[in-house]
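Q: All I have is the shape, not the residue letters:
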């Protein structure tokens, strides 16, 4: 009897030891993943080294693939690495490969977490390629298990507003709103608001053609719009400068205020100086600044040079 009891006690002790070792291993893996996530975030936010941040996320995902997926923090770490990786790819202007990279991690479209699906929809909408997310979002929304996850309604809303409406897919948008997805994602008031938005957008603006590159026709329209704005800006600045000259009575104060206002306008105007469409703005403003500077100080330089 004693022998049997000793054997049972040893079995219990061995089981407890294995459980303890498993807990230690799990905690070690979690600390490692926390460290890698922290490193990736620091590389991106502090050092602005987006390639290093993406490489760290890639290594973290490889390490997760070798871990036990029963780890209760596995899904959170995986989503964290993917979120940072998406941001890094976007900063590196490699957004074309975001969806395929995410699918490498989750294998199936319906398995992508809601937060990552939301990020992908917003990213491809921002770069003018909403059609890239149409199939993935449609599959995700029609997966029954996803209707119970947090963020399902947000994914449905983003898909409607940033994919279906810009592409002009009115029938699919209406089906989404009044169908099974809409009943689970929206309240009655939200459905009515969504219907109003679809009808209004349909009447106001033409759909975005997915076959047309966002860089093909838009720049020409933008340049023509900027040209008219430049002419109005030039006329406004000239008029303002004439009034300043008339009211200044030889004083430098108002002229300096005017010059400072022009400089502040250049600083506060959100232009990309490296972009070709900004050259006209910069050249026109520089011409106005040169003329202003010459009118303000040329008479005094001439007076100084003419002194004996």
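A: Arrived safely, thanks for sending. Worth saying up front: this structure is predicted, and the values here are computed from it rather than measured. Numbers count the residues shown, from 1 in each chain.

Q: is it true that residue 58 touches residue 85?
A: Yes: assessed by C-beta atoms under 8 Å, residue 58 is found in contact with residue 85 at 7.0 Å. Glycine gets a C-beta too; all of them are placed from N, C-alpha and C.

Q: Of the two, give the one with the bigger neighbour count.
A: Legend: neighbour count by other C-beta atoms under 10 Å for residue 58 and residue 85, higher for residue 85 (25 against 17).

Q: And the protein, what are its domain boundaries?
A: What the record gives for the chain is the domain set 11-93, 109-203, from the TED database.

Q: Which among those domains is found nearest to residue 101?
A: Residue 101 lies closest to domain 11-93 among those, at 6.9 Å (C-beta to C-beta).

Q: what mean pLDDT does the closest one have?
A: For domain 11-93, the mean per-residue pLDDT is 83.

Q: if we can go back for a sec, right, and the domains of the chain - which one's nearest residue 103?
A: domain 109-203 (6.8 Å).

Q: and the end-to-end length of that closest one?
A: 33 Å (C-alpha to C-alpha, to the nearest Å).

Q: Next: stretch 156-167.
A: End-to-end for stretch 156-167, by C-alpha to C-alpha: 15 Å.

Q: Name the surrounding residues that touch that stretch.
A: 118, 121-122, 125, 130-131, 133-134, 137-138, 141, 169, 172-173, 176-177, 181-182, 185-186, 194, 197-198, 201, 207-208, 210 (C-beta atoms under 8 Å, 6 or more residues apart in numbering).

Q: Which among the residues you listed count as buried?
A: Among those, those scoring as buried are 118, 121, 125, 130-131, 133-134, 137-138, 141, 169, 172-173, 176-177, 181-182, 185-186, 194, 198, 201, 208, 210 (criterion: 16 or more other C-beta atoms under 10 Å).

Q: give me the low-pLDDT residue ranges for this protein?
A: Scanning the chain for pLDDT under 70 picks out the ranges 1-23, 68-72, 205-308.

Q: again, 50 this time
A: Residues of the chain that meet the criterion pLDDT under 50 lie in 7, 11-12, 17, 212-226, 248-252, 267-279, 281, 301.

Q: Buried residues, stretch 91-101. List them.
A: 91, 95, 98, 99, 101.

Q: Quick one: residues contacting the first one.
A: It stands for residue 91. By C-beta under 8 Å, 6+ apart, the contact set of residue 91 is 44, 50.

Q: Return the distance of it relative to residue 178.
A: Distance of residue 91 to residue 178, given as C-beta to C-beta, to the nearest Å: 39 Å.

Q: Mean neighbour count, the domains of the chain: which tops it?
A: domain 109-203 (a mean of 17; mean count of other C-beta atoms under 10 Å).

Q: Give me the subset of the buried residues of stretch 91-101 lying in helices.
A: In helices, defined here by DSSP state H, the members of the buried residues of stretch 91-101 are 91, 98, 99, 101.

Q: ok, the second one touching residue 87?
A: By that I understand residue 98. No: contact criterion C-beta under 8 Å: residue 98 and residue 87 do not qualify, at 9.7 Å.

Q: And the helix or strand harbouring residue 195, what does it pack against?
A: In the assignment (DSSP states H and E), residue 195 maps to helix 188-204. Helix 188-204 is packed against helix 165-167, helix 170-178, with contacts defined by 3 or more C-beta pairs under 8 Å, 6 or more residues apart in numbering; DSSP states H and E.

Q: Let me know whether residue 145 touches residue 111 as I believe.
A: No: Residue 145 is beyond contact range of residue 111, at 9.3 Å (criterion: C-beta under 8 Å).

Q: all helices for the protein, in order.
A: Under DSSP H, the chain gives helices at 2-45, 50-65, 74-91, 98-106, 114-126, 134-141, 152-159, 165-167, 170-178, 180-185, 188-204, 218-248, 253-268, 279-306.

Q: Name the residues that touch the helix holding residue 195?
A: By C-beta under 8 Å, 6+ apart, helix 188-204 touches 157, 160, 161, 165, 168, 170, 173, 174, 177, 178, 182, 186.

Q: which pair in those spans the largest distance?
A: Maximum pairwise distance among the contacts of helix 188-204 (C-beta to C-beta): 20.9 Å, between 168 and 186.

Q: Which residues lie in contact with residue 111 in this structure?
A: Contacts for residue 111 (C-beta under 8 Å, 6+ apart) come out as none.
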